[in-house]
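Q: Give me a model of this one.
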Amino acid sequence: MDAIDRRILDLLREDARRTVRDIADHVGLTVAPVKRRIDRLEATGVIDGYTVRINPARIGPDLEAVVELRVAGNMDLETILSFSSHVPEVTEVLTLAGDPDALIRVRARTIHELQRVVNVLRTSDKVAGTKTLVVLGTWAKGK
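A: Alright, predicted model coming up:
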C-alpha cells in the first residue's frame, strides 16, 4: 500500500458511493488505474465491504452508552461476543487487551432500558464488573 491507496481508502471512508471518476480526480490519476487499485484492495481483503452510515437518532433510540466490561478469570473473547450478541440493544462489542476486557456500545430508548441492559450484562457469572458511560456526542474520521 502506498500513499495513493491510503488516500483512496480515506475517500471511500468519507463516501463509499463515491464514483471511481471522482476518486481519480482527487488522487490525480485516470479512472483505469484507480479502478485497478480498488479491485486490488478488495481482492486482498483491505476493503472488506461497503456499508451505509445511519443516523440512529432519526430511526430509533437516542440514548447511547458504552459499558466497560471486566471479566473474572479466563473468559475467552468468543464468550463475551456470544452473550453480548443476544442483547438486542448491544450494537457493537470491542474486545480489548488490558483493562477493561471489552467495551460494549448500547442504544436504549430510556435510562430505565439502559439500566436493564447493564443488569443483563453484569449478571453473567463471569462478569467481575461494569462501568457505564453515557455518550453525549460522537465524531469519527470520515463522517
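Q: Would you mind identifying the helix or strand in this protein with the lowest mean pLDDT?
A: The weakest-scoring helix or strand in the chain, judged by mean pLDDT, DSSP states H and E, is helix 56-59 (a mean of 64).
Q: buried set for the helix or strand hosting K35?
A: In this assignment (DSSP states H and E), K35 forms part of helix 31-43. For helix 31-43, the neighbour count (16 or more other C-beta atoms under 10 Å) marks V34, R37, I38, L41 as buried. All C-beta atoms are positioned from the backbone trio N, CA, C, and that covers glycine.
Q: ok, back up a step: packing partners of the very next helix or strand once past the least confident helix or strand of the chain?
A: Per DSSP H and E, the first helix or strand lying C-terminal to helix 56-59 is strand 63-71. Counting contacts by 3 or more C-beta pairs under 8 Å, 6 or more residues apart in numbering; DSSP states H and E, strand 63-71 packs against strand 102-108, helix 111-122, strand 127-134.
Q: which one of the ones you listed lies closest to D5?
A: Closest approach to D5 among the helices and strands packed on strand 63-71 is made by strand 102-108 (29.3 Å; C-beta to C-beta).
Q: just to revisit the earlier point, taking the mean pLDDT, what do you get for the helix holding K35?
A: Throughout helix 31-43, pLDDT has a mean value of 96.
Q: could you turn that helix into PDB, dropping everything but the C-alphas?
A: Extracted C-alpha coordinates of helix 31-43, given in PDB (Å, rounded to 0.1, in the frame of the first residue of the first chain):
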ATOM      1  CA  VAL A  31     -10.100   6.100 -13.900                       C
ATOM      2  CA  ALA A  32      -8.500   2.800 -15.100                       C
ATOM      3  CA  PRO A  33      -5.600   2.700 -12.600                       C
ATOM      4  CA  VAL A  34      -7.900   3.800  -9.700                       C
ATOM      5  CA  LYS A  35     -10.300   1.000 -10.600                       C
ATOM      6  CA  ARG A  36      -7.400  -1.500 -10.600                       C
ATOM      7  CA  ARG A  37      -6.200  -0.200  -7.200                       C
ATOM      8  CA  ILE A  38      -9.700  -0.500  -5.800                       C
ATOM      9  CA  ASP A  39     -10.100  -4.000  -7.200                       C
ATOM     10  CA  ARG A  40      -6.700  -5.000  -5.700                       C
ATOM     11  CA  LEU A  41      -7.700  -3.600  -2.300                       C
ATOM     12  CA  GLU A  42     -10.900  -5.600  -2.400                       C
ATOM     13  CA  ALA A  43      -9.100  -8.800  -3.700                       C
END
